[in-house]
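In: with the input below, show me the fold.
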Amino acid sequence: MNQYVIAIDQGTTSTRAIIFDHSGSIVSSGQMEHEQIFPQAGWVEHNAAEIWNNTREVIASALSKANLTRHDIAAVGITNQRETAVVWDKTTGEAIYNAIVWQDTRTQDIVDELARDGGPDRFKQKVGLPLATYFSGTKIKWILDNVEGAREKAEAGDLVFGNTDAWVLWNLTGGVDGGVHVTDVTNASRTLFMDLETLQWDDEILGIFGVPRSMMPEIKSSSEVYGTVHSSQLLRETPVAGILGDQQAATFGQAAFDTGEAKNTYGTGCFLIFNTGEEIVHSKNGLLTTVGYKLGDAAPHYALEGSIAVTGSLIQWLRDNLGLINSAPEVETLAASVKDNGGVYIVPAFSGLFAPYWRSDARGAIVGLTRFVNKNHIARAALEATAFQTREVLDAVNADSGVPLSELKVDGGMVANDALMQFQADILGVPVIRPKVVETTALGAAYAAGLAVGFWKDLGECSANWSEDKRWEPQMDQAEQDRQMRLWKKAVTKSMDWVDEDVR
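Out: Next up is the predicted model:
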């Protein structure tokens, strides 16, 4: 009885349910991709109803594969793509518009308008974030401004907002039949609306954006019982007890619980998080200040984050848009067939440049092309782009923290790529370490939920589960490292100043 914890991982490209045992090992999983909707250039959407339907399917799949029932599950944890905004009618349970995804850039005009008074860092001291299309706040405002009747409904108290954690939780706990409208501090810290010190919504900022406070979910810790699964669902009466935004969840799953510990997740984008403990550290080098986690009534742990918009999705682009490869693993084979990138650098600024530049006027660029270059060089340059971007973020973390990282823990789908991980170690000049359980995002959500119900008694028990799988040591000499970074930084400058009044 109650031998396992299930984590729902609602990601950018798919939704998964993963069942973990007490050792943190995977027992079974279910996964379903959802449609990526691109109505026009720069717009990225998901169907919220499809996400919820897939969530139910993957829970059923994971339970079925392991021949388990709700009686075997001690708690449910949720982790999610952060900043992806859903606005729904709480009386009908239906989203009034597609979920607007974190990568979407349609709200740039809203960002520019808000930045006229105080610049892009107008709210940064309070919320830890610059004004950018990335965060949920501008997406909510766009929906209220552009969906017919939305503002009137919101002001009447009929509409509510959530990142996908809150959407899944609300439906899981009953939806229109008493669904719990809650988010955790990590997701709340990605909206532009939460005061980092009070951990509450800021009424002044909500007013400036024109977002009624009644839309906002109640902010809770990352690890407590929010409610139980509704009687209509397979996991009925099971406590839902953990929520962490995906990057914070991966940090938690890596057992990076203490000040000075860090991890880098290689997924659709790439996200490096550095734990600053109970201290709020404001970056001087282009990083975000965010909440790392908060366990029940304990003090919150904060973090610095370097967010990179495009890493794994660049490989998808090579496959789906260019047809250069038929499957993602092929990129490693092509890259390994050449000794270097042939002088080619790819800057994948499809949604502008995120950390450490925050340049919304940038767009993707491939530079250094000659007749010598073939698709193998392009594939290698695509992989290397991930490593170069990570190096720039790590340099910013080192500058802000004053304590250079001596090693980097990594996780996410791309860490299976040996060529990338070796190049990453080379360009960083420090060892890169992969854990045995690389599904750290789901594991982090499971830990948060399990801790809340006593499945794991403390963080020490969770730390004891972590073990190293593979380590890559740097092999590149300093002169070559410096040359590569100089050329990369030159390539980045070529992607800037592209967007103007004629180009969006």
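In: so where's the stretch 51-200 of the chain shaky on pLDDT?
Out: Along the stretch 51-200 of the chain, no part satisfies pLDDT under 70.
In: what about the strands in it?
Out: Secondary structure of the stretch 51-200 of the chain (DSSP state E, counting those that start in this stretch): strands at 73-80, 85-89, 99-100, 159-163, 182-184, 194-195, 200-201.
In: need those in CSV (columns: mean neighbour count and distance to residue 113).
Out: C-beta coordinates here come from the backbone N, C-alpha and C atoms, glycine included. Formatted as CSV, the strands of the stretch 51-200 of the chain follow (neighbours: other CB atoms under 10 Å; distance: least, CB to CB, whole Å):
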stretch, mean neighbour count, distance to residue 113
strand 73-80, 30, 28
strand 85-89, 25, 18
strand 99-100, 27, 17
strand 159-163, 26, 20
strand 182-184, 27, 26
strand 194-195, 23, 21
strand 200-201, 16, 21
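In: of all the ones you listed, which one is nearest residue 438?
Out: strand 73-80 (14.5 Å; CB to CB).
In: that closest one packs against which elements?
Out: Judged by 3 or more CB pairs under 8 Å, 6 or more residues apart in numbering; DSSP states H and E, strand 73-80 is in contact with strand 4-10, helix 164-172, strand 239-245, helix 246-253, helix 440-453.
In: angle of the fourth one against strand 4-10?
Out: Computed with axes from the mean of the first three to the mean of the last three CA atoms, to 10 degrees, the direction of helix 246-253 lies at 150 degrees from that of strand 4-10.
In: for helix 246-253, name the packing helices and strands.
Out: Going by 3+ CB pairs under 8 Å, 6+ apart, helix 246-253 lies up against strand 73-80, strand 262-266, strand 270-277, strand 288-293, strand 301-308, helix 440-453.
In: direction included, what does the fourth one pair up with?
Out: The one in question is strand 288-293. strand 301-308 (antiparallel) (DSSP bridges).
In: distance between the partner strand and the chain's centre?
Out: 11 Å (CA atoms, centre = their mean, to the nearest Å).
In: could you point out which element follows that strand?
Out: helix 312-320 (DSSP states H and E).
In: quick one: list the elements packing against that following helix.
Out: helix 375-401.
In: list the buried ones in the helix it packs on?
Out: 376-397, 400-401 (16 or more other CB atoms under 10 Å).
In: follow-up on the earlier one: out of the helices and strands packed on helix 246-253, nearest to residue 24?
Out: Among the helices and strands packed on helix 246-253, helix 440-453 comes nearest to residue 24, with 5.8 Å by CB to CB.
In: quick one: neighbours of residue 97, just the number.
Out: By other CB atoms under 10 Å, 18 other residues sit near residue 97.
In: then the one 10 residues further on?
Out: Residues contacting residue 107 under the criterion other CB under 10 Å number 26.
In: please name the nearest non-neighbouring residue to it.
Out: Leaving aside its chain neighbours, residue 107 sits nearest to residue 138 (3.8 Å; criterion: CB to CB, 6 or more residues apart in numbering).
In: equivalent analysis for residue 391, please.
Out: Nearest to residue 391 is residue 427, by CB to CB, 6+ apart, at 5.0 Å.
In: do the same with residue 157
Out: That would be residue 214: by CB to CB, 6+ apart, it lies 4.8 Å from residue 157.
In: surely the one you found is within a helix?
Out: Yes: membership of residue 214 in a helix is supported by DSSP: H, G, I helix; E, B strand; the rest coil.
In: what sits against it?
Out: 154, 157, 160 (CB atoms under 8 Å, 6 or more residues apart in numbering).
In: tell me who's in contact with the first one.
Out: Same thing as residue 154. Contacts of residue 154 by CB under 8 Å, 6+ apart are 87, 144, 211-212, 214-215.
In: closest to residue 66 out of those residues?
Out: Taking CB to CB as the measure, residue 66 sits nearest to residue 87 out of the contacts of residue 154, at 35.6 Å.
In: please name the bridge partners of that closest one.
Out: With DSSP bridges as the rule, residue 87 is bridged to residue 161.
In: what's around residue 416, how many residues?
Out: Neighbour number of residue 416 under other CB under 10 Å is 14.
In: find the nearest non-adjacent residue to it, please.
Out: residue 438 (7.6 Å).
In: that neighbour against residue 414, yeah?
Out: No: using CB atoms under 8 Å, residue 438 makes no contact with residue 414, being 10.1 Å away.
In: hang on, the earlier thing: dump the contacts of residue 214 to CSV, plus distance to residue 298.
Out: Formatted as CSV, the contacts of residue 214 follow (distance: CB to CB, whole Å):
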residue, distance to residue 298
154, 34
157, 33
160, 28
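In: between those, which sits nearest residue 36?
Out: Nearest to residue 36 among the contacts of residue 214: residue 160, at 24.8 Å, using CB to CB.
In: surely that closest one meets residue 90?
Out: Yes: Residue 160 lies in contact with residue 90 (CB under 8 Å); the separation is 5.0 Å.
In: need the overlap of contacts for these two.
Out: residue 181.
In: hang on, the earlier thing: nearest to residue 297, out of the helices and strands packed on strand 73-80?
Out: Per CB to CB, nearest to residue 297 of these: helix 440-453, 11.5 Å.
In: so which elements touch that closest one?
Out: strand 4-10, strand 14-20, strand 73-80, strand 223-228, strand 239-245, helix 246-253, strand 262-266, helix 459-465.
In: neighbouring strands - and their directions - for the shortest one?
Out: The strands beside strand 262-266 in its sheet (DSSP bridges) come out as strand 270-277 (antiparallel), strand 408-411 (parallel).
In: so for residue 186, which of the helices and strands packed on helix 246-253 sits nearest?
Out: When the helices and strands packed on helix 246-253 are compared by CB to CB, strand 288-293 sits nearest residue 186, at 5.1 Å.
In: what angle separates that closest one from helix 375-401?
Out: Using the same axes, to 10 degrees: strand 288-293 against helix 375-401 is 80 degrees.
In: report pLDDT for residue 503.
Out: In the predicted model, residue 503 carries a pLDDT score of 58.
In: so residue 29 sits in a helix?
Out: No: assessed with three-state DSSP, residue 29 is strand; it does not lie in a helix.
In: any idea how far it is from residue 353?
Out: 34 Å (CB to CB, to the nearest Å).
In: of those two, which one has the most company?
Out: A count of neighbours by other CB under 10 Å puts residue 353 above the other of residue 29 and residue 353, at 24 against 20.
In: contacting residues around that one?
Out: By CB under 8 Å, 6+ apart, the neighbours of residue 353 are 309, 347, 359, 362, 492, 495-496.
In: what is residue 26 paired to in the beta sheet?
Out: Assigned bridge partners for residue 26, using DSSP bridges, are residue 20.
In: I'd guessed it sits against residue 9; true?
Out: No: with contact defined as CB under 8 Å, residue 26 does not count as touching residue 9 (11.7 Å).
In: got any residues that touch both of those two?
Out: Common neighbours of residue 26 and residue 9 (CB under 8 Å, 6+ apart) are 18, 439.
In: between these two, who's got more neighbours?
Out: Neighbours were counted for residue 26 and for residue 9 using other CB under 10 Å; residue 9 has more, 27 against 18.
In: contact partners for that one?
Out: Neighbour list for residue 9: 15-18, 79-80, 246, 249, 439, 441-442, 445 [criterion: CB under 8 Å, 6+ apart].
In: what do you get for residue 441?
Out: Applying CB under 8 Å, 6+ apart, the residues contacting residue 441 are 9, 11, 79, 246-247, 249-250, 253, 265, 411-412.
In: circling back: of the contacts of residue 353 - the most surrounded one?
Out: residue 347 (25 neighbours).
In: where does it land on pLDDT?
Out: 96.
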